[in-house]
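*Asks:* need a structure here:
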Amino acid sequence: MKIKDIVCALGQFAPLPLQDSYDNAGLQVGLTDAEVTGALLCLDVTEAVVDEAIALGYNLIISHHPLIFRGFKSLTGVNYIERCIIKAIKHDIVVYAAHTNLDNALNGVSFKMAEKIGITNIAFLEPKTDCEPLQAGAGVIGTLPVPSVDVDFLHRIKEIFQVGCVRHTILKNRMIKKVALCGGAGAFLMEEAIKAGADVFITGEIKYHDFFGHDDEILLAEIGHYESEQYTKEIFKQIISEKFPEVPLKMTKVNTNPIYYL
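*Replies:* Take a look at the predicted model:
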């Protein structure tokens with residue numbers, strides 16, 4: 001089994017044309033004609049993750065966040081990104097990223113979040129109409145099988161996503177039934193969630209001023225960028241294991257979240 005076969009499968013699930021204009025998803029480092037020895041699945045590529053792949057003898061790293069966002073005029077190891085690139089090349093490791101194309105894909109990042117919460121009747125919160133015949137969009141919305149009081153719902157979210165701190169708007173003892181959410185930095189979908197009649201909107205990042213003025217419209221909850229997307233690794237695992245069950249797969253043991261909580 002060649003690395004390019006796995007890359008092709010990932011591209012079929014989350015086609016690169018679905019990525020946002022600023023993004024740099026896709027092949028980041030290496031040549032894909034090699035036989036795959038194993039794939040390490042992660043949210044972010046760090047030096048510790050590359051070291052883990054080397055120790056495992058794996059020659060493919062699949063990440064959600066791209067290691068490379070900009071061009072380089074030199075590669076001197078001046079920062080962790082350059083050191084990761086140099087080390088990956090030195091050890092013949094391919095690095096591939098599925099970022100906003102996976103955010104926007106059917107059954108992508110936000111769908112996985114919804115699955116973890118147990119939401120049903122899931123649909124895109126903001127469908128993309130320029131991607132036909134593909135179904136694509138940003139964020140999702142759905143319903144809880146059993147409504148929950150807001151404080152109980154947030155405690156459940158904190159537990160499911162192992163959140164160090166849930167930042168939220170005022171609790172008003174409202175019943176949560178209709179849930180909108182978006183993995184990562186999804187605050188741009190807040191107004192869409194309100195228009196859709198959601199009782200709560202959950203995302204990874206919300207700016208301070210965005211918390212104002214919505215107390216009577218919706219409950220807002222910020223759970224952290226890493227926390228909201230951590231289960232993306234499970235999507236990679238499912239795609240690859242279903243098509244190529246013989247390929248060794250591991251989800252990284254490295255917690256790449258750069259944010260800590262006291």
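
*Asks:* which other helices and strands contact the helix or strand hosting R83?
*Replies:* Assigned by DSSP states H and E, R83 belongs to helix 80-90. Packing partners of helix 80-90 (3 or more Cβ pairs under 8 Å, 6 or more residues apart in numbering; DSSP states H and E): strand 26-29, helix 47-56, strand 94-97. In this view, the C-beta of every residue, glycine as well, is placed from N, C-alpha and C.

*Asks:* Touching the longest one from outside, list them.
*Replies:* The list of residues contacting helix 47-56 from outside it, by Cβ atoms under 8 Å, 6 or more residues apart in numbering, reads 38, 40, 42, 59-61, 63, 80, 83-84, 87-88, 91, 93, 248, 250, 252-254, 256.

*Asks:* which residues sit in contact with G197?
*Replies:* K178.

*Asks:* May I ask which helix or strand encompasses it?
*Replies:* Per DSSP H and E: G197 is located in neither a helix nor a strand.

*Asks:* Check the one 4 residues further on too.
*Replies:* Using DSSP H and E, the element containing F201 is strand 200-203.

*Asks:* send the alpha carbons of that strand over as PDB?
*Replies:* Taking Å, rounded to 0.1, in the frame of the first residue of the first chain, the C-alpha atoms of strand 200-203 are listed here in PDB:
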ATOM      1  CA  VAL A 200     -27.000  27.200  22.300                       C
ATOM      2  CA  PHE A 201     -24.000  27.700  20.100                       C
ATOM      3  CA  ILE A 202     -20.800  25.900  20.900                       C
ATOM      4  CA  THR A 203     -17.400  26.600  19.400                       C
END
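
*Asks:* Low-confidence ranges, the stretch 1-150 of the chain, go.
*Replies:* Within the stretch 1-150 of the chain, no range satisfies pLDDT under 70.

*Asks:* Which parts of it are helices?
*Replies:* 3-13, 47-56, 80-90, 100-103, 109-117, 150-160 (DSSP state H, counting those that start in this stretch).

*Asks:* Please apply the same query to the stretch 151-262 of the chain.
*Replies:* Going by DSSP H, counting those that start in this stretch, the stretch 151-262 of the chain shows helices at 190-195, 225-229, 232-243.

*Asks:* got these as a markdown table, with mean neighbour count, mean pLDDT and distance to K128 columns?
*Replies:* As requested, those are exported to a markdown table (neighbours: other Cβ atoms under 10 Å; pLDDT from 0 to 100; distance: least, Cβ to Cβ, whole Å):
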| stretch | mean neighbour count | mean pLDDT | distance to K128 |
| --- | --- | --- | --- |
| helix 190-195 | 18 | 98 | 12 |
| helix 225-229 | 23 | 98 | 19 |
| helix 232-243 | 18 | 98 | 19 |
